[in-house]
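Novice: sequence plus predicted model, see below.
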Amino acid sequence: MTLREEVRQAVTAVASPAHPGSDAAGAPRGTTSDLTIDETLLLHSAGWEPVDLVYGISWWSIPWGVWQWTTGEVQEASAAFTGAVNHAVKQLRQSCEQSGGSGVLGVEVGVRVSSHHVSIELTGTAVRRTGADAHRFEFVSDLSARDFVLLTRAGWWPLGLAAGASFVIAPRRTAREWAAQQGQNVELPNLTQALYLARERAMERMQQSGTAMKAEGIVAVKLREGKASSSARVIQFVAIGTGVHLRTSTHRSVSPEMVVPLDEQVRVFDVKSLRSAASE
Amino acid sequence: MTESPGQGGAVPHPEEGTAPLPEGLPRDASRRLAELEDRPGHKGMFTSDLSVNEFLLIKEVGFHPLGFVMGSSIYHLGIQTRKWSQSQELSKLTEAMYEARQLAMDRMDAEATELGADGVVGVRLDVNYYEWGSDTAEFIAVGTAIKAEDGHSYRNLHGKPFTSDLSGQDFWILMQTGHVPLGLVMGTCVYHIAHRGLGQTLRSTGRNVELPNFTQALYEARELAMTRMQDEANELGATGIVGVRLEEKSHMWGDHTIEFLSLGTAVARSEGEHTIPHPKTIISLDG
C-alpha cells in the first residue's frame, strides 16, 4: 500500500463513525466508555447508560503574520479559537448522534495553539436514557458522570460547552518608563490593563456562548492561561465551563449530611524540604 | 508608597477620555458584568468556577452564585539591599507583596460590588512571573461572587462583600456551625535570613546543636506574618480565623530571602441559636 493510500484510508476512517449503522440496524453491540465502574453504576442508577466513546477534532488556521504585526489583542486568533470550538462540538454531536447517544459527558478539552493554527480536540462518553427508543440530542458537557447525576438530581441540566479565549501581546514599556520604575515599588498600569482586559474578554466570550445556548448559568469554569505561540510576549487566556439550566420550576435541595470518613490517613508529621533556605 | 495611578482598586484608562466608570473598573469588565445581570429584554446568567458539589452546597445554605470575579495587578518590585550576615525583614519587598495583592483583591471586590454580591467564596490568590518582566510579577485574585436568596445582607463592617478562600464545602460547614465569614485576611513578611559565619559553621560541624540564628529568623518572620493577619481580622471585628495557611516561597530572590504569607478567613458568630448537627461516621469502600 502506498503512503498516499494509507493516508487516504486513515482520513476516511477518522471521518466515518466508529460503528456505522449501529443501533438503527438493530445489531447488538458492546459499549465503549472511559467511565469508571463507580460512574457507570451511578449513571445506571439515574436511568442513563454509556454508549460509546466519541470525539470531535477541529483545526483552524491563523493568518500568517498576525503575531508580528498586531499589538494588543490578536483578534484573528480568538476568532479561530471560537470557530474551532464550534466545529469540534458539531463533530462531537454528530458522532454522538451516530452512535445513538443523546448527550456527551466527561468531555476532555485539548487546546493547542501554535503560530499558524489552533486545534481543539474533544473526547467524551456518549450517554443515553436506558430503555428509551428515540434519542434526541440534549447536551455536551465536561462534567463527570458523578457531577451530572448530582446536578440533575437538583433539577439542573447541562446544555453545552461554553468556551471563550483571548490572545494578547503584552505591551512593551518605553525606555523612560523602564528607567523610572527601576528599584521602585510600582504597579505597571499598561501591562496590568492589557492582561486584565484579555482575561475579561475570554470570560465575556464564554458568557456569550452561554447566552447563545440559553443557559442560566455556567458552572465549573476553568481559566487556563499561558504562553501562546513561539513568542513569550503572547499570552493566551482560555475559559471553559458547562452551561446549565433549570428544568424543574425550582431548585431541588440535595440535603447533604455531615459525615466523618474513618479511613482518612492521619498526617502526623510533616517533613518539608526548605533546602533553598536552609542550605549554606 | 507609590505614585501609581492604579491605586485604590482602579485600573487606569490612560488613552481614552471616557466617562468615569462605576468603581473604576475597566470598561470591558463592566460590560461583562452587565451582561450577567438581569434587566428588561435581557436574561442574565451566572458564571462560576465552583464545581457542581460546591454549587449545590452554596444553594443549600441559601446563596446563589452571581458571577466569576477577578482582579489583577502587574507590579514592579523594588530593590532592597540585604546584609550578608544579618537577618532582617525587607520592608520594601513586604510592602510590595502586600500592596500588589491588595490591589488585585480590591479590584475583585469592586467587580463583586458591581454585581451586588454579599460575598466572594473560593478566592484564590496567585502570583505569575513572565519571561519579559524582570522584577515584575502579576498578582491575581479570582473567586465566585454570591448573594443570599432571602435578601439578608452579609456584607462586612465596611459595607463590602465578604471574601473567603473557603471552598463551597467548607463554606457550607461553616454556615452549619453558626458562623459567617467576614473577609479574607492576610499578613506577609519578606525576610532575609543571615548566612552563617565561618566560625559558626566550624563550631557546629559534626555536632548536635540548634542553629539559633536560623531558628530565630524563621520564627520571627512567621510570627510577623501571622500577627499582621490577626491585626486585619481584629479590624473586621472577627471572633476567629479559620483555614489558616502559612506559605513560604522564595520567589525570585535567591536562597536566603523568603516570603512568609499567612492567609485565612476571618469569621464571626451569626445571630441566633445554632445546633451543630451530629456528624455521621462512615467507612468508604473505595481504596
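Specialist: Arrived safely, thanks for sending. Residues are numbered from 1 along each chain as shown, chains lettered A, B, ... in the order given.

Novice: SS state for B:Gly206?
Specialist: Put simply, B:Gly206 is coil when judged by DSSP: H, G, I helix; E, B strand; the rest coil.

Novice: just the C-alphas of the helix or strand hosting B:Val190, formatted as PDB.
Specialist: Here B:Val190 is covered by strand B:179-192, with elements defined by DSSP states H and E. Provided in PDB are the C-alpha atoms of strand B:179-192 (Å, rounded to 0.1, in the frame of the first residue of the first chain):
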ATOM      1  CA  HIS B 179     -20.600  31.300  61.800                       C
ATOM      2  CA  VAL B 180     -20.400  33.800  58.900                       C
ATOM      3  CA  PRO B 181     -17.200  34.800  57.000                       C
ATOM      4  CA  LEU B 182     -16.200  38.400  57.300                       C
ATOM      5  CA  GLY B 183     -13.200  38.600  55.000                       C
ATOM      6  CA  LEU B 184     -10.000  37.100  53.700                       C
ATOM      7  CA  VAL B 185      -7.300  38.200  55.900                       C
ATOM      8  CA  MET B 186      -3.600  38.100  55.100                       C
ATOM      9  CA  GLY B 187      -0.200  39.000  56.500                       C
ATOM     10  CA  THR B 188       3.000  38.800  54.700                       C
ATOM     11  CA  CYS B 189       6.700  39.200  55.600                       C
ATOM     12  CA  VAL B 190       9.700  39.000  53.300                       C
ATOM     13  CA  TYR B 191      12.600  38.100  55.400                       C
ATOM     14  CA  HIS B 192      16.300  37.800  54.700                       C
END
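
Novice: any bit of it sitting next to chain A?
Specialist: No - using Cβ under 8 Å from any Cβ of the partner chain, strand B:179-192 stays clear of chain A, with a minimum separation of 9.7 Å. Yep, even glycine has a C-beta here, placed from its N, CA and C like the rest.

Novice: what is the mean pLDDT for that strand?
Specialist: For strand B:179-192, mean pLDDT is 93.

Novice: show me what that strand packs onto, helices and strands only.
Specialist: The contact analysis (3 or more Cβ pairs under 8 Å, 6 or more residues apart in numbering or on different chains; DSSP states H and E) places strand B:179-192 against strand B:88-89, helix B:91-114, strand B:119-128, strand B:162-163, helix B:168-176, helix B:212-235, strand B:240-249, strand B:257-269.

Novice: got the buried residues for the second one?
Specialist: The reference is to helix B:91-114. For helix B:91-114, burial by neighbour count (16 or more other Cβ atoms under 10 Å in any protein chain shown) applies to B:92-114.

Novice: filter those down to the ones near chain A?
Specialist: B:92, B:95-96, B:99-100, B:103, B:107.

Novice: ok, of those, which one's closest to chain A?
Specialist: Checking those against chain A by Cβ to the nearest Cβ gives B:Ala96 as the nearest, at 4.3 Å.

Novice: what's the closest non-adjacent residue to residue 244?
Specialist: Using chain A here. Using Cβ to Cβ, 6 or more residues apart in numbering or on different chains and skipping residues adjacent in sequence, the residue nearest A:Val244 is A:Trp156, 4.8 Å away.

Novice: right idea, wrong chain: chain B
Specialist: Spatial nearest neighbour of B:Val244, chain neighbours left out: B:Gly264 (3.7 Å); criterion: Cβ to Cβ, 6+ apart.

Novice: also A:His117?
Specialist: A:Ser61 (4.9 Å).

Novice: which residues touch that neighbour?
Specialist: The neighbours of A:Ser61, taking Cβ atoms under 8 Å, 6 or more residues apart in numbering or on different chains as the test, are A:80, A:116-117.

Novice: could you rerun that using 10 Å?
Specialist: A:76, A:80, A:83-84, A:116-118 (Cβ atoms under 10 Å, 6 or more residues apart in numbering or on different chains).

Novice: and for B:Trp172?
Specialist: When contacts are taken as Cβ under 10 Å, 6+ apart, B:Trp172 is in contact with A:256, A:258, B:53-54, B:56-61, B:63, B:166.

Novice: and of the ones next to chain A among the buried residues of helix B:91-114, the nearest to B:Ala137?
Specialist: The closest of these to B:Ala137 turns out to be B:Ala100 (Cβ to Cβ; 7.1 Å).

Novice: A:Lys214: what secondary structure?
Specialist: Under three-state DSSP, A:Lys214 falls in the coil class.

Novice: which stretches in chain A count as helices?
Specialist: In chain A, the segments counted as helices under DSSP state H are A:3-15, A:37-45, A:66-69, A:75-98, A:145-153, A:175-181, A:189-212, A:275-278.

Novice: from the contacts of B:Trp172, which is closest to B:Ile282?
Specialist: When the contacts of B:Trp172 are compared for distance to B:Ile282 (Cβ to Cβ), A:Met258 wins out at 10.4 Å.

Novice: next, the contact list for that closest one, please.
Specialist: If you count contacts by Cβ under 10 Å, 6+ apart, then A:Met258 has B:172-173, B:176-177, B:276-280 around it.

Novice: so which of these wins on neighbours?
Specialist: Ranked by the number of neighbours (other Cβ atoms under 10 Å in any protein chain shown), these place B:Trp172 first, at 21 neighbours.

Novice: spatially central residue in chain A, please.
Specialist: Central residue of chain A (Cα atoms, centre = their mean): A:Val109, 3.9 Å from the mean position.

Novice: from chain A, how far off is B:Leu218?
Specialist: The gap separating B:Leu218 from chain A is 8 Å, by Cβ to the nearest Cβ, to the nearest Å.

Novice: first-to-last residue distance for stretch A:179-196?
Specialist: Across stretch A:179-196, the terminal residues are separated by 24 Å (Cα to Cα, to the nearest Å).

Novice: tally of neighbours for A:Arg247?
Specialist: When neighbours are defined as other Cβ under 10 Å, A:Arg247 has 9 of them.

Novice: quick check: pLDDT value at the nearest residue to it once chain neighbours are set aside.
Specialist: Closest residue to A:Arg247 apart from its sequence neighbours, by Cβ to Cβ, 6+ apart: A:Trp157 at 5.0 Å. Per-residue confidence at A:Trp157 stands at 94 (pLDDT).

Novice: A:His245 is in contact with A:Trp157, correct?
Specialist: Yes - using Cβ atoms under 10 Å, A:Trp157 is in contact with A:His245, at 6.1 Å.

Novice: what do the two both touch?
Specialist: What both A:Trp157 and A:His245 touch, as defined by Cβ under 10 Å, 6+ apart, is the set A:139, A:215.
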